[in-house]
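Participant: No sequence on hand, only this structure:
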DNA sequence: TGTGTGTTCAACGTTTTGGTTGACAAGGGT
DNA sequence: ACCCTTGTCAACCAAAACGTTGAACACACA
């Protein structure tokens, strides 16, 4: 895993970690509090938190010997931006295709490639 | 990996797969077209597509001996809903905390747990 | 000063992931 | 009929993910 977007998606791919995020949305919590609902050891939860922290989804402050975990909402925007971008493009294309089909009224199948779009080497992570 | 949300996040955790989604947002493509930009074998790309398909992000139609890949935009909503929900909660809590802090003007540190919120066993995947 | 609590580190085992090569099925094109 | 292209399947491999146990570290408190 290299870039942050990968780390964020990867972090949220685990149900336990998603659940912990849900829990943290309610309020900060300690590692033990977070571990309590699950049938895993505290060490495992600590590792999960490290994953979330590396993704920037969570921060840990050092308060006496316990480290309250805090959810960082900003990183969510990174995902939202990525998702919205391509969802929008896909939907636009869908409408465009609809229009084309309406015009030629059923010549090509609705599953055909749209003009073989030039293989434009998508720039992926940029933006 | 069991539930769809996990599969979707996991699928998008890989840069190549995200790039393929970006490419598919422009228009449908065949496996070879998708494989062309990358330094991996066609078989590897085929596997990536299987992951995307299992996540419901992509569908493959059988057209002669080639199988055009099509992006399914709807699944994105699943993620967006999940993300927005907890981002909103976290931000609300942040504002609430701000208000509390403004009221008591700096008694507790800004990192302290907000009243130890009763360990309310978050219902996670529901909704 | 010791003892207990909260958290992390290190080593280990198992499963999943992402890649490879090689073989094979399914359909055009000539 | 033959081959050639397109894509998948199977077996294998190395590395990463997720869990465990056991030890260590950092503090509070008696």
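Facilitator: Thanks, I have the structure now. Since the structure is predicted, the reported quantities are computational estimates derived from the model, not experimental observations.

Participant: for chain A, what spans make up the helices?
Facilitator: For chain A, the helices defined by DSSP state H occupy A:4-12, A:15-26, A:31-35, A:42-54, A:75-104.

Participant: what's the closest of these to residue B:5?
Facilitator: With CB to CB as the measure, helix A:15-26 is the member of the helices of chain A nearest residue B:5 (7.2 Å). To be clear about C-beta, it is placed using only N, CA and C from the backbone, and glycine gets the same treatment.

Participant: Buried residues, that closest one. List them.
Facilitator: Neighbour-count burial for helix A:15-26 flags A:15, A:16, A:17, A:18, A:19, A:20, A:21, A:22, A:23, A:24, A:25, A:26 (criterion: 16 or more other CB atoms under 10 Å in any protein chain shown).

Participant: hmm, it touching DNA strand C?
Facilitator: No. Judged by CB under 7 Å from any atom of the strand, helix A:15-26 stays clear of DNA strand C, getting no closer than 12.1 Å.

Participant: Could you do stretch A:42-60 as well?
Facilitator: Yes. Using CB under 7 Å from any atom of the strand, stretch A:42-60 comes into contact with DNA strand C via A:42, A:43, A:46, A:49, A:50, A:60.

Participant: The nearest residue to the first one once chain neighbours are set aside: neighbour count?
Facilitator: Counting by CB to CB, 6 or more residues apart in numbering or on different chains, the nearest residue to residue A:42 once its immediate chain neighbours are dropped is residue A:35, at 4.7 Å. Counted by other CB atoms under 10 Å in any protein chain shown, the residues lying close to residue A:35 total 20.

Participant: Find me the pLDDT at residue A:35, would you?
Facilitator: Residue A:35 is assigned 95 on the pLDDT scale.
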